[in-house]
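*Asks:* structure, please.
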Amino acid sequence: MSPYNNQRSQFYGGNNGAGNGNGASGSAFYPPNSSMGSPLNINNGPTQTETPAPVDRASYYFSQYPLYCADWRHSVTTNTECIALSSYKEGFTNKLQVVHGSSYGGENSRYFGNDSINQEEITLGGTSPTNPNFQQPYYNQQVRQNSYSQDDIVEGFDFHKVAEISLDYPITNLQWDPSMGTSKNEERLAASLEVLRLYKVDHDTYDPLGNDFKLVQTHILANNTAGSTTSPSVSSNNGGKSSTNANIGNNNKNDDINTFPPVTSFDWNKTDPNIIITSSVDTTCTVWDLHRSHPLGNNDSTATDTAAVKTQLIAHDSEVFDVKFVHNSSNIFASVGNDGSMRVFDLRALEHSTIIYEPTTPPATASAKSASGIDGVSTSSLNSRALLKLSTSNIDQHHLATIGFNSNQVIIIDMRMPGLPVATLDGSLGGVNHAAINLIKWHPTSHFLLTGGDDCQALVWDCNNIQGKGSPGTMSGASLVETGVVIDLPVLAYEDDLEVNYVSWRGDQGDWMGVVSGKGFQAVLLT
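*Replies:* Numbers count the residues shown, from 1 in each chain. Take a look at the predicted model:
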């Protein structure tokens, strides 16, 4: 089987209030061709097709290990697709892998030929599972066989591993240096596990493990909160001071980083790539300045560096699970944690913080999670109202999205109207789906949200019409309730064989999405 397979996803806009009257929603969606299959009968429900074996799948990377985290960015320096992947094997040595992708037939592609290919497309057909009279098509995956000549353009990527490193702990979050996509900087990435570790992909150093390149660790950022860190006040009457006693470089060089509180997540600031913020199980968030770094331990020029700490603050009443900067800001950030709150901070006024959301009741629950834990915290110690993941919009600094523990609903908050959600994405699809959502990612250039869950699906949701509470519910599958718009129908669905552990967009373009399921990373084209 030739690797000239093309994994496509096809949007269909329908009449969602944002279209141009002919079924297309602006420039984001295009209706499926009539040759891609007719709508399904609601009585039969969506049909499923067998997912191709890993060796037959297009734009697909198969690992030897079960995968969890992923991040995808295009390198301007090498004109290469860069995928960072991490394994999740509890109690075993884990892997951080760097995968490069080249366009089929491109200079670095390892495959050429003129074979018949299996082109897999995702089209939409059928009707809403909750409203038989609703005409917005639902989901159907069609597989078509096509033969392509050598002159035909086939979109897709040849993925191959170029670097790998072993780690003692599983990674909870991965992120490439945001400046990779806009400047000719070297390939750098960060990974949160027991500490935050920064790496560069060294193209010039020989790797004794036989990989194309070598992953070289450049920084170790570990929290040490033995000092007098205090919390910013959530009221205007009480002040609080932030501590800078978090820099391992300021402590004894023999300090054991394994004794420091584990890092749960982090965010690499897009406005100023010299700034990284981390969250930890010790209730703190720490802001690091990579520009002011110095070597750890000896004066060896090759020694790992540590960044200086700009500030550290107690952000929550219990473990902090995720933290993100808001769009176009190097000062304002938000965090969520085990106490069930979403809080916003401003580095210019750390005396105060604002709780912009705190659920009064536990979120809608989905299928039971494993007791193995989330980001290093046992599920037995999780608050039923805990908020686990956070994503900030890349085009609107006021919109934030979060998911709760074991929940199949995404809560969207507008910072201008704190307290209640401006919208809720109902991952139960009207009550027919009981699987939990694992991850959420805003599109890099538009107001769409990508989710991945235990139902083996990656779903894209249209959030363009949720500009404020009480906005007209003209969107497909949307209805108005007291807490804002409830959307129970995504505009795109991709289904895999196993649970979707992680999802990502392709860098700043957003024309592809990456789906992590089982031992594989699948690139899916949005057309």
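
*Asks:* in stretch 395-407, what counts as buried?
*Replies:* 396, 398, 399, 400, 401, 402, 403, 404, 405, 406, 407 (16 or more other CB atoms under 10 Å). Where you see a C-beta, it was placed from the backbone N, CA and C, and this is true even at glycine.

*Asks:* now, which of those residues sits nearest residue 461?
*Replies:* residue 401 (9.4 Å; CB to CB).

*Asks:* in CSV: the buried residues of stretch 395-407, plus pLDDT, distance to residue 209 and secondary structure.
*Replies:* Below are the buried residues of stretch 395-407 laid out as CSV (pLDDT from 0 to 100; distance: CB to CB, whole Å; DSSP: H, G, I helix; E, B strand; the rest coil):
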residue, pLDDT, distance to residue 209, secondary structure
396, 94, 44, coil
398, 95, 46, coil
399, 97, 43, strand
400, 98, 41, strand
401, 98, 39, strand
402, 97, 39, strand
403, 97, 37, strand
404, 95, 40, strand
405, 92, 38, coil
406, 92, 39, coil
407, 94, 40, strand
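
*Asks:* what pairs with the helix or strand containing residue 264, parallel or antiparallel?
*Replies:* Per DSSP states H and E: residue 264 is located in strand 263-268. Counting by DSSP bridges, the strands paired with strand 263-268 are strand 275-280 (antiparallel).

*Asks:* if we can go back for a sec, what is the mean pLDDT for the strand holding residue 264?
*Replies:* For strand 263-268, mean pLDDT is 97.

*Asks:* ok, now stretch 195-211?
*Replies:* 89.

*Asks:* and that stretch, how far apart are its ends?
*Replies:* 25 Å (CA to CA, to the nearest Å).

*Asks:* ok, and for it, which residues are buried?
*Replies:* For stretch 195-211, by 16+ other CB under 10 Å, it's 195, 196, 197, 198, 199, 200, 201, 202, 207, 211.

*Asks:* what does stretch 489-507 give?
*Replies:* Result for stretch 489-507 [16+ other CB under 10 Å]: buried residues 489-496, 499-507.

*Asks:* equivalent analysis for stretch 269-280, please.
*Replies:* In stretch 269-280, counting by 16+ other CB under 10 Å, buried: 269, 270, 272, 273, 275, 276, 277, 278, 279, 280.

*Asks:* contacts for it, please.
*Replies:* Stretch 269-280 has contacts (CB atoms under 8 Å, 6 or more residues apart in numbering) with 177-179, 190, 192, 196, 221, 223, 225, 261-268, 285-291, 307, 310, 315, 319-323, 325, 328-330, 333, 335, 337.

*Asks:* if we go to 7 Å?
*Replies:* 177-179, 190, 192, 196, 221, 223, 261-268, 285-291, 320-323, 325, 328-330, 333, 335 (CB atoms under 7 Å, 6 or more residues apart in numbering).

*Asks:* likewise stretch 206-219?
*Replies:* Stretch 206-219 is contacted by residues 96, 98, 161-165, 197-203, 205, 293, 304-307 when judged by CB under 7 Å, 6+ apart.

*Asks:* which members of those residues occur in helices, if any?
*Replies:* Per DSSP state H, helices hold no members of these.

*Asks:* restricted to strands, list these.
*Replies:* 96, 98, 161-165, 197-202, 293, 305-307 (DSSP state E).

*Asks:* can you put the buried residues of stretch 269-280 in CSV and add distance to residue 80?
*Replies:* What follows is those, written out as CSV (distance: CB to CB, whole Å):
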residue, distance to residue 80
269, 24
270, 21
272, 25
273, 19
275, 26
276, 24
277, 28
278, 28
279, 31
280, 33
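
*Asks:* quick one: low-confidence ranges for the stretch 151-300 of the chain?
*Replies:* Within the stretch 151-300 of the chain, the segments meeting pLDDT under 70 span 151-154, 183-184, 225-255, 293-300.

*Asks:* all helices of it, in order?
*Replies:* Using DSSP state H, counting those that start in this stretch, no helices are found in the stretch 151-300 of the chain.

*Asks:* tell me, how many residues neighbour residue 256?
*Replies:* Neighbour count for residue 256, taken as other CB atoms under 10 Å: 8.

*Asks:* should've said residue 288
*Replies:* Residues near residue 288, counting by other CB under 10 Å: 27.

*Asks:* what's the separation between the closest residue to it other than its chain neighbours and residue 393?
*Replies:* Leaving aside its sequence neighbours, residue 288 sits nearest to residue 307 (CB to CB, 6 or more residues apart in numbering; 4.2 Å). For residue 307, the distance to residue 393 (CB to CB, to the nearest Å) stands at 27 Å.

*Asks:* neighbour-wise, which of these two wins?
*Replies:* Set residue 307 next to residue 393 and count neighbours by other CB under 10 Å: residue 307 wins out with 25 against 20.

*Asks:* quick one: the more buried one and residue 221 touch, right?
*Replies:* Yes. Counting by CB atoms under 7 Å, residue 307 touches residue 221, with 5.8 Å between them.

*Asks:* any residues in contact with both of these two?
*Replies:* Common neighbours of residue 307 and residue 221, counting by CB under 7 Å, 6+ apart, are residue 288.
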